[in-house]
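# I need the structure of the sequence given here:
(one chain, ligands or ions: 1)
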Amino acid sequence: MSKSTLKNSPIMNTYKRLPLSIQKGKGTIVWSENGEEYLDFTSGIATCNLGHCPSDIQTALQKQLTELWHTSNLYQIPKQEELAHLLVRNSCFDQVFFCNSGAEANEAAIKLIRSFAKHNGGKQASIVTFQQSFHGRTLATVAATGQEKIKAGFEPMLEGFTHMPYNDNQTLRAIRELSPTAVMLELLQGEGGVIPADSDWIKELFSICKQDGILLVVDEVQTGMGRTGSLFLYEQYGIEPDIMTLAKGLGSGFPIGAMMAKEEVANSFQPGMHGSTFGGNPLACTAGTATLKVLSETDVIRNSVEQSHYLWTELESLKATYSFVKEIRGRGMLIGILIEGDAMKLVNKALHEKLLILSAGANVIRLLPPLTVSKEEVDLFIQKFTKVLQHFKEDQHG
Ligand SMILES: Cc1ncc(COP(=O)(O)O)c(C=O)c1O
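Numbering: from 1, shown residues only. This next block holds a predicted model:
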(Lines give C-alpha, C1' and ligand atoms only; values in the text may rest on other atoms or scores of the structure.)
Protein backbone atom coordinates (compact mmCIF):
# COMPACT_ATOMS: atom_id res chain seq x y z
CA MET A 1 0.00 0.00 0.00
CA SER A 2 1.40 3.39 -0.90
CA LYS A 3 1.82 6.00 1.84
CA SER A 4 -0.80 8.21 0.24
CA THR A 5 -3.51 5.61 0.84
CA LEU A 6 -2.72 5.42 4.58
CA LYS A 7 -4.78 7.87 6.55
CA ASN A 8 -5.09 9.18 10.09
CA SER A 9 -2.27 8.76 12.61
CA PRO A 10 1.16 7.19 12.12
CA ILE A 11 0.59 5.46 15.50
CA MET A 12 -0.45 1.81 15.16
CA ASN A 13 -4.04 1.06 15.86
CA THR A 14 -3.76 -0.79 19.20
CA TYR A 15 -5.63 1.61 21.50
CA LYS A 16 -9.10 3.13 21.35
CA ARG A 17 -8.11 6.58 22.60
CA LEU A 18 -10.35 9.15 24.25
CA PRO A 19 -10.49 12.66 22.75
CA LEU A 20 -8.11 14.31 25.25
CA SER A 21 -4.48 15.36 24.78
CA ILE A 22 -2.72 15.74 28.11
CA GLN A 23 0.18 18.15 28.13
CA LYS A 24 1.06 18.78 31.74
CA GLY A 25 0.48 17.26 35.16
CA LYS A 26 1.10 18.02 38.82
CA GLY A 27 -0.15 15.84 41.66
CA THR A 28 -3.76 14.81 40.97
CA ILE A 29 -4.32 17.44 38.26
CA VAL A 30 -3.56 17.28 34.53
CA TRP A 31 -3.96 20.01 31.93
CA SER A 32 -5.05 19.48 28.33
CA GLU A 33 -3.37 21.03 25.31
CA ASN A 34 -5.77 23.96 25.48
CA GLY A 35 -5.20 24.51 29.19
CA GLU A 36 -8.31 22.81 30.57
CA GLU A 37 -7.91 21.29 34.04
CA TYR A 38 -8.86 17.66 34.77
CA LEU A 39 -8.98 15.73 38.05
CA ASP A 40 -6.99 12.55 37.41
CA PHE A 41 -8.25 9.48 39.30
CA THR A 42 -6.35 7.09 36.99
CA SER A 43 -2.66 7.80 37.86
CA GLY A 44 -1.61 6.57 34.42
CA ILE A 45 -3.24 3.21 35.33
CA ALA A 46 -1.72 2.76 38.80
CA THR A 47 1.67 4.09 37.72
CA CYS A 48 1.97 7.68 38.96
CA ASN A 49 1.27 6.56 42.54
CA LEU A 50 2.93 9.70 43.93
CA GLY A 51 0.96 11.95 41.58
CA HIS A 52 2.28 13.62 38.45
CA CYS A 53 5.85 14.99 38.48
CA PRO A 54 6.52 14.32 42.20
CA SER A 55 9.25 16.71 43.33
CA ASP A 56 11.53 14.17 45.10
CA ILE A 57 11.65 11.93 42.03
CA GLN A 58 12.10 14.93 39.74
CA THR A 59 15.07 16.20 41.76
CA ALA A 60 16.75 12.76 41.84
CA LEU A 61 16.23 12.26 38.09
CA GLN A 62 17.49 15.75 37.24
CA LYS A 63 20.71 15.04 39.14
CA GLN A 64 21.14 11.63 37.53
CA LEU A 65 20.48 13.12 34.06
CA THR A 66 23.65 15.15 34.41
CA GLU A 67 25.76 12.18 35.61
CA LEU A 68 24.94 8.94 33.78
CA TRP A 69 21.95 7.59 31.86
CA HIS A 70 22.92 4.15 30.67
CA THR A 71 25.88 1.77 30.68
CA SER A 72 25.00 -1.91 30.35
CA ASN A 73 24.53 -4.93 32.55
CA LEU A 74 28.06 -6.05 31.60
CA TYR A 75 29.32 -3.71 34.34
CA GLN A 76 28.50 -3.09 37.99
CA ILE A 77 25.67 -0.58 38.31
CA PRO A 78 25.71 0.99 41.79
CA LYS A 79 22.28 2.60 41.28
CA GLN A 80 20.86 -0.85 40.52
CA GLU A 81 22.47 -2.32 43.63
CA GLU A 82 21.01 0.50 45.72
CA LEU A 83 17.46 -0.11 44.49
CA ALA A 84 17.84 -3.89 44.82
CA HIS A 85 19.01 -3.54 48.46
CA LEU A 86 16.08 -1.26 49.21
CA LEU A 87 13.55 -3.63 47.61
CA VAL A 88 15.01 -6.60 49.47
CA ARG A 89 15.05 -4.73 52.77
CA ASN A 90 11.37 -3.83 52.35
CA SER A 91 10.11 -7.27 51.28
CA CYS A 92 10.48 -11.01 52.01
CA PHE A 93 12.60 -11.60 48.88
CA ASP A 94 16.38 -11.95 48.50
CA GLN A 95 17.21 -11.08 44.89
CA VAL A 96 15.96 -8.93 42.03
CA PHE A 97 16.05 -9.00 38.23
CA PHE A 98 15.35 -5.62 36.63
CA CYS A 99 13.50 -5.10 33.36
CA ASN A 100 11.27 -2.44 31.82
CA SER A 101 7.60 -3.40 32.19
CA GLY A 102 5.11 -5.64 33.93
CA ALA A 103 4.92 -8.11 31.06
CA GLU A 104 8.72 -8.40 31.07
CA ALA A 105 8.75 -8.97 34.83
CA ASN A 106 6.22 -11.79 34.38
CA GLU A 107 8.21 -13.21 31.43
CA ALA A 108 11.24 -13.30 33.70
CA ALA A 109 9.18 -15.05 36.39
CA ILE A 110 7.94 -17.66 33.89
CA LYS A 111 11.51 -18.32 32.72
CA LEU A 112 12.72 -18.59 36.32
CA ILE A 113 9.92 -21.08 37.10
CA ARG A 114 10.91 -23.17 34.06
CA SER A 115 14.55 -23.10 35.04
CA PHE A 116 13.65 -24.00 38.64
CA ALA A 117 11.69 -27.04 37.41
CA LYS A 118 14.69 -28.16 35.34
CA HIS A 119 17.04 -27.81 38.29
CA ASN A 120 14.67 -29.57 40.70
CA GLY A 121 13.74 -32.93 39.27
CA GLY A 122 14.07 -32.04 35.61
CA LYS A 123 10.38 -32.24 34.76
CA GLN A 124 8.69 -29.77 32.42
CA ALA A 125 7.27 -26.77 34.25
CA SER A 126 3.53 -26.38 34.62
CA ILE A 127 1.93 -23.19 35.91
CA VAL A 128 -1.58 -22.64 37.26
CA THR A 129 -3.01 -19.17 36.63
CA PHE A 130 -6.58 -17.93 37.02
CA GLN A 131 -9.66 -17.11 34.99
CA GLN A 132 -10.10 -13.34 34.54
CA SER A 133 -6.42 -12.75 35.35
CA PHE A 134 -4.19 -10.34 33.41
CA HIS A 135 -0.42 -10.74 33.20
CA GLY A 136 0.61 -8.77 30.11
CA ARG A 137 0.71 -8.65 26.32
CA THR A 138 3.81 -10.62 25.34
CA LEU A 139 3.22 -14.14 24.04
CA ALA A 140 4.10 -15.93 27.30
CA THR A 141 2.10 -13.50 29.45
CA VAL A 142 -0.85 -13.67 27.06
CA ALA A 143 -0.72 -17.46 27.50
CA ALA A 144 -0.65 -16.94 31.28
CA THR A 145 -3.59 -14.50 31.15
CA GLY A 146 -7.01 -16.05 31.82
CA GLN A 147 -9.07 -13.99 29.37
CA GLU A 148 -9.99 -15.30 25.91
CA LYS A 149 -10.29 -11.79 24.42
CA ILE A 150 -6.59 -11.16 25.17
CA LYS A 151 -5.50 -14.42 23.49
CA ALA A 152 -7.79 -14.26 20.44
CA GLY A 153 -5.88 -14.05 17.16
CA PHE A 154 -2.48 -14.94 18.63
CA GLU A 155 -2.71 -18.73 18.73
CA PRO A 156 -0.96 -21.09 19.08
CA MET A 157 -0.45 -20.30 22.75
CA LEU A 158 2.70 -21.17 24.68
CA GLU A 159 2.08 -24.46 26.50
CA GLY A 160 2.26 -25.19 30.19
CA PHE A 161 -0.52 -23.01 31.65
CA THR A 162 -3.78 -24.19 33.23
CA HIS A 163 -6.40 -21.57 34.06
CA MET A 164 -8.55 -22.27 37.10
CA PRO A 165 -11.49 -20.47 38.77
CA TYR A 166 -10.40 -17.74 41.23
CA ASN A 167 -11.58 -17.70 44.87
CA ASP A 168 -12.86 -21.25 44.43
CA ASN A 169 -12.38 -24.13 46.88
CA GLN A 170 -12.60 -26.77 44.16
CA THR A 171 -9.55 -25.05 42.64
CA LEU A 172 -7.54 -25.75 45.78
CA ARG A 173 -8.30 -29.47 45.51
CA ALA A 174 -7.46 -29.40 41.79
CA ILE A 175 -4.09 -27.72 42.50
CA ARG A 176 -3.27 -30.45 45.04
CA GLU A 177 -4.06 -33.09 42.45
CA LEU A 178 -2.20 -31.42 39.57
CA SER A 179 0.84 -30.52 41.69
CA PRO A 180 2.12 -27.83 39.27
CA THR A 181 5.56 -26.22 39.48
CA ALA A 182 3.99 -22.87 40.33
CA VAL A 183 0.76 -21.02 40.99
CA MET A 184 0.83 -17.47 39.66
CA LEU A 185 -1.82 -14.93 40.58
CA GLU A 186 -2.85 -11.36 41.25
CA LEU A 187 -3.97 -11.06 44.87
CA LEU A 188 -6.46 -8.53 43.56
CA GLN A 189 -7.41 -8.97 39.91
CA GLY A 190 -7.14 -5.48 38.40
CA GLU A 191 -7.90 -5.59 34.68
CA GLY A 192 -10.28 -8.52 35.23
CA GLY A 193 -12.74 -6.35 37.17
CA VAL A 194 -11.16 -5.34 40.52
CA ILE A 195 -11.74 -8.65 42.31
CA PRO A 196 -9.85 -9.17 45.60
CA ALA A 197 -8.77 -12.66 46.59
CA ASP A 198 -10.63 -14.07 49.56
CA SER A 199 -8.35 -14.03 52.60
CA ASP A 200 -9.02 -17.62 53.79
CA TRP A 201 -8.69 -18.93 50.25
CA ILE A 202 -5.24 -17.34 49.88
CA LYS A 203 -4.10 -18.66 53.27
CA GLU A 204 -5.19 -22.16 52.27
CA LEU A 205 -3.51 -21.81 48.85
CA PHE A 206 -0.30 -20.65 50.54
CA SER A 207 -0.34 -23.58 52.92
CA ILE A 208 -0.92 -26.09 50.06
CA CYS A 209 1.97 -24.54 48.10
CA LYS A 210 4.25 -24.77 51.15
CA GLN A 211 3.30 -28.37 51.97
CA ASP A 212 3.52 -29.62 48.37
CA GLY A 213 6.60 -27.67 47.25
CA ILE A 214 4.69 -25.55 44.72
CA LEU A 215 6.07 -22.06 44.02
CA LEU A 216 3.70 -19.21 44.83
CA VAL A 217 4.13 -16.28 42.45
CA VAL A 218 2.33 -12.98 43.04
CA ASP A 219 1.91 -10.51 40.20
CA GLU A 220 1.95 -7.16 42.04
CA VAL A 221 2.41 -5.09 38.92
CA GLN A 222 -0.82 -3.22 39.65
CA THR A 223 -1.26 -3.85 43.40
CA GLY A 224 2.34 -3.12 44.47
CA MET A 225 4.11 0.08 45.49
CA GLY A 226 1.58 1.21 48.07
CA ARG A 227 -1.46 1.01 45.83
CA THR A 228 -3.57 -1.14 48.15
CA GLY A 229 -2.64 0.35 51.54
CA SER A 230 0.64 -1.47 52.23
CA LEU A 231 3.86 -1.44 50.21
CA PHE A 232 2.93 -4.84 48.74
CA LEU A 233 -0.48 -6.51 48.92
CA TYR A 234 0.89 -9.93 49.96
CA GLU A 235 1.75 -8.39 53.37
CA GLN A 236 -1.97 -7.98 54.10
CA TYR A 237 -2.57 -11.71 53.63
CA GLY A 238 0.21 -12.72 56.03
CA ILE A 239 1.94 -14.91 53.44
CA GLU A 240 5.46 -15.10 51.99
CA PRO A 241 5.38 -15.83 48.26
CA ASP A 242 8.43 -17.26 46.44
CA ILE A 243 8.38 -14.79 43.54
CA MET A 244 6.87 -11.32 43.07
CA THR A 245 6.68 -9.12 39.98
CA LEU A 246 6.53 -5.32 39.98
CA ALA A 247 6.40 -2.49 37.43
CA LYS A 248 3.93 0.41 37.07
CA GLY A 249 4.33 2.40 40.33
CA LEU A 250 7.97 1.34 40.83
CA GLY A 251 9.33 4.21 38.74
CA SER A 252 6.51 6.76 39.27
CA GLY A 253 6.08 6.85 35.49
CA PHE A 254 9.66 6.15 34.47
CA PRO A 255 9.62 2.69 32.81
CA ILE A 256 11.03 -0.01 35.09
CA GLY A 257 9.97 -3.53 36.07
CA ALA A 258 11.34 -6.00 38.59
CA MET A 259 11.07 -9.71 39.32
CA MET A 260 11.99 -10.65 42.88
CA ALA A 261 12.55 -14.12 44.31
CA LYS A 262 13.68 -16.02 47.37
CA GLU A 263 17.33 -17.02 47.07
CA GLU A 264 16.69 -20.76 46.68
CA VAL A 265 14.50 -20.03 43.64
CA ALA A 266 16.61 -17.18 42.22
CA ASN A 267 19.59 -19.57 42.19
CA SER A 268 18.07 -21.31 39.15
CA PHE A 269 19.28 -18.40 37.00
CA GLN A 270 22.93 -18.42 35.92
CA PRO A 271 24.79 -15.84 33.77
CA GLY A 272 23.57 -15.92 30.19
CA MET A 273 20.12 -17.33 30.93
CA HIS A 274 18.21 -14.07 30.93
CA GLY A 275 18.91 -10.41 30.27
CA SER A 276 17.76 -6.98 29.16
CA THR A 277 19.65 -4.10 27.55
CA PHE A 278 17.82 -1.36 29.40
CA GLY A 279 16.80 -3.38 32.49
CA GLY A 280 17.93 -1.61 35.66
CA ASN A 281 19.80 1.23 34.02
CA PRO A 282 20.98 4.08 36.27
CA LEU A 283 18.19 6.46 35.24
CA ALA A 284 15.38 3.94 35.79
CA CYS A 285 16.85 2.79 39.11
CA THR A 286 17.18 6.37 40.29
CA ALA A 287 13.44 6.79 39.71
CA GLY A 288 12.80 3.49 41.51
CA THR A 289 14.97 4.29 44.52
CA ALA A 290 13.53 7.78 44.94
CA THR A 291 9.98 6.35 44.68
CA LEU A 292 10.61 3.57 47.18
CA LYS A 293 12.20 6.02 49.63
CA VAL A 294 9.12 8.24 49.55
CA LEU A 295 6.82 5.23 50.01
CA SER A 296 8.82 3.67 52.83
CA GLU A 297 10.05 6.76 54.67
CA THR A 298 7.12 9.19 54.55
CA ASP A 299 3.45 8.91 55.54
CA VAL A 300 2.17 8.81 51.97
CA ILE A 301 0.74 5.27 52.30
CA ARG A 302 -0.91 6.20 55.60
CA ASN A 303 -2.48 9.20 53.86
CA SER A 304 -3.75 6.94 51.07
CA VAL A 305 -5.40 4.60 53.60
CA GLU A 306 -7.08 7.55 55.34
CA GLN A 307 -8.35 9.04 52.09
CA SER A 308 -9.39 5.62 50.85
CA HIS A 309 -11.63 5.13 53.90
CA TYR A 310 -13.18 8.53 53.35
CA LEU A 311 -13.66 7.92 49.60
CA TRP A 312 -15.11 4.48 50.31
CA THR A 313 -17.70 5.92 52.75
CA GLU A 314 -18.72 8.55 50.22
CA LEU A 315 -19.00 5.92 47.46
CA GLU A 316 -21.17 3.71 49.68
CA SER A 317 -23.58 6.59 50.16
CA LEU A 318 -23.70 7.15 46.38
CA LYS A 319 -24.45 3.44 46.02
CA ALA A 320 -27.40 3.90 48.38
CA THR A 321 -28.70 6.75 46.18
CA TYR A 322 -28.17 5.23 42.73
CA SER A 323 -29.65 1.76 42.35
CA PHE A 324 -27.57 0.96 39.24
CA VAL A 325 -24.45 1.09 41.46
CA LYS A 326 -24.26 -2.49 42.69
CA GLU A 327 -21.03 -2.92 44.63
CA ILE A 328 -17.92 -1.08 45.81
CA ARG A 329 -14.90 -3.39 46.03
CA GLY A 330 -11.11 -3.46 46.03
CA ARG A 331 -8.48 -2.36 48.50
CA GLY A 332 -6.80 0.91 49.41
CA MET A 333 -6.60 3.09 46.32
CA LEU A 334 -7.54 0.34 43.85
CA ILE A 335 -11.31 0.64 43.88
CA GLY A 336 -13.89 -1.00 41.65
CA ILE A 337 -17.50 0.11 41.26
CA LEU A 338 -19.76 -2.55 39.77
CA ILE A 339 -22.60 -0.95 37.82
CA GLU A 340 -25.60 -2.12 35.87
CA GLY A 341 -24.75 -0.66 32.47
CA ASP A 342 -21.84 0.18 30.20
CA ALA A 343 -18.79 1.35 32.21
CA MET A 344 -17.24 3.13 29.20
CA LYS A 345 -20.37 5.26 28.87
CA LEU A 346 -19.73 6.48 32.41
CA VAL A 347 -16.02 7.04 31.68
CA ASN A 348 -17.02 9.25 28.74
CA LYS A 349 -19.51 11.19 30.81
CA ALA A 350 -16.81 11.75 33.44
CA LEU A 351 -14.54 13.18 30.75
CA HIS A 352 -17.20 15.84 30.08
CA GLU A 353 -17.06 16.72 33.77
CA LYS A 354 -13.26 17.00 33.48
CA LEU A 355 -12.76 13.90 35.55
CA LEU A 356 -10.50 10.99 34.52
CA ILE A 357 -11.61 7.51 35.62
CA LEU A 358 -11.15 4.02 34.15
CA SER A 359 -13.13 0.91 33.41
CA ALA A 360 -12.06 -2.65 34.23
CA GLY A 361 -14.16 -4.91 32.05
CA ALA A 362 -17.61 -4.11 30.66
CA ASN A 363 -19.42 -3.06 33.83
CA VAL A 364 -16.83 -2.03 36.40
CA ILE A 365 -15.52 1.50 36.98
CA ARG A 366 -11.97 1.55 38.33
CA LEU A 367 -10.62 4.39 40.48
CA LEU A 368 -6.86 4.74 40.92
CA PRO A 369 -6.20 8.12 42.55
CA PRO A 370 -2.62 8.92 43.49
CA LEU A 371 -1.68 7.93 47.05
CA THR A 372 -0.98 11.62 47.68
CA VAL A 373 -4.61 12.65 47.03
CA SER A 374 -5.99 15.20 49.50
CA LYS A 375 -9.39 15.25 51.22
CA GLU A 376 -10.31 18.34 49.17
CA GLU A 377 -9.57 16.40 45.97
CA VAL A 378 -11.70 13.48 47.16
CA ASP A 379 -14.51 15.99 47.81
CA LEU A 380 -14.05 17.42 44.32
CA PHE A 381 -14.15 13.90 42.91
CA ILE A 382 -17.41 13.10 44.72
CA GLN A 383 -18.93 16.35 43.47
CA LYS A 384 -18.01 15.55 39.84
CA PHE A 385 -18.82 11.84 40.09
CA THR A 386 -22.28 12.53 41.56
CA LYS A 387 -23.05 14.66 38.48
CA VAL A 388 -21.79 11.84 36.24
CA LEU A 389 -24.00 9.26 37.98
CA GLN A 390 -27.00 11.62 37.82
CA HIS A 391 -26.55 12.14 34.04
CA PHE A 392 -26.11 8.41 33.57
CA LYS A 393 -29.35 7.76 35.46
CA GLU A 394 -31.27 10.38 33.47
CA ASP A 395 -29.99 8.81 30.22
CA GLN A 396 -31.09 5.36 31.28
CA HIS A 397 -34.57 6.43 32.26
CA GLY A 398 -35.07 8.72 29.26
C1 LIG B 1 -1.43 -7.40 37.09
C2 LIG B 1 -0.72 -6.96 35.85
N3 LIG B 1 0.30 -7.67 35.37
C4 LIG B 1 0.97 -7.29 34.27
C5 LIG B 1 0.63 -6.16 33.58
C6 LIG B 1 1.40 -5.76 32.36
O7 LIG B 1 2.20 -4.66 32.63
P8 LIG B 1 2.86 -3.83 31.42
O9 LIG B 1 1.73 -3.16 30.71
O10 LIG B 1 3.78 -2.89 32.11
O11 LIG B 1 3.56 -4.81 30.55
C12 LIG B 1 -0.45 -5.37 34.04
C13 LIG B 1 -0.86 -4.17 33.32
O14 LIG B 1 -1.92 -3.67 33.45
C15 LIG B 1 -1.13 -5.77 35.21
O16 LIG B 1 -2.16 -5.08 35.69
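
# Phi, psi for the spatially most central residue of the chain please.
Centroid-nearest residue in the chain, with Cα atoms, centre = their mean: residue 222, separated by 1.3 Å. Here is the backbone geometry of residue 222 (degrees, to the nearest 10): phi -100, psi -30.

# How about it, nearest residue that isn't a chain neighbour?
Once flanking residues are discounted, residue 222 sits nearest to residue 190: 3.9 Å by Cβ to Cβ, 6 or more residues apart in numbering. (C-beta placed from N, C-alpha, C; glycine too.)

# Who are the contact partners of the one you found?
By Cβ atoms under 8 Å, 6 or more residues apart in numbering, the contact list for residue 190 reads 46, 134, 222, 223, 334, 360, 366.

# cool, and residue 196?
187, 188, 189, 329, 330, 331.

# how about JSON lines for these, with distance to the ligand and secondary structure added?
Conversion of the contacts of residue 196 to JSON lines gives the following (distance: Cβ to the nearest ligand atom, whole Å; DSSP: H, G, I helix; E, B strand; the rest coil):
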{"residue": "187", "distance to the ligand": "10", "secondary structure": "coil"}
{"residue": "188", "distance to the ligand": "9", "secondary structure": "strand"}
{"residue": "189", "distance to the ligand": "8", "secondary structure": "strand"}
{"residue": "329", "distance to the ligand": "16", "secondary structure": "strand"}
{"residue": "330", "distance to the ligand": "13", "secondary structure": "strand"}
{"residue": "331", "distance to the ligand": "14", "secondary structure": "strand"}
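
# Just flag the most distant two among these.
The most widely separated members of the contacts of residue 196, counting by Cβ to Cβ, are 187 and 329 (13.5 Å).

# Between those two, tell me which one has more neighbours.
Taking other Cβ atoms under 10 Å, residue 187 and residue 329 do not tie; residue 187 has more neighbours (22 against 17).

# and residue 366, helix, strand or coil?
strand (DSSP: H, G, I helix; E, B strand; the rest coil).

# what's it in contact with, if anything?
190, 194, 334, 335, 336, 337, 357, 358, 359, 360.

# The residue in the chain that the ligand sits nearest to and residue 141, how far apart?
Proximity of the chain to the ligand (Cβ to the nearest ligand atom) peaks at residue 102, 2.3 Å away. In this view, residue 102 and residue 141 are 8 Å apart by Cβ to Cβ, to the nearest Å.

# Which one of the contacts of residue 196 is nearest to residue 155?
Using Cβ to Cβ, the contacts of residue 196 come closest to residue 155 at residue 189, 23.2 Å.

# I'd like to know how many residues surround the closest one.
Neighbours of residue 189 (other Cβ under 10 Å): 27.

# Ok, residue 258 next?
31.

# For it, which non-adjacent residue is closest in space?
Nearest non-adjacent residue to residue 258 (Cβ to Cβ, 6+ apart): residue 246, at 4.6 Å.

# Pretty sure that neighbour sits against residue 225.
Yes - assessed by Cβ atoms under 8 Å, residue 246 is found in contact with residue 225 at 6.8 Å.

# how near is the residue of the chain closest to the ligand to residue 220?
From residue 102 over to residue 220 (counting by Cβ to Cβ), the distance is 9 Å.

# just residue 54 next, same as before
Here the criterion is Cβ to Cβ. By it, residue 54 lies 20 Å from residue 220.
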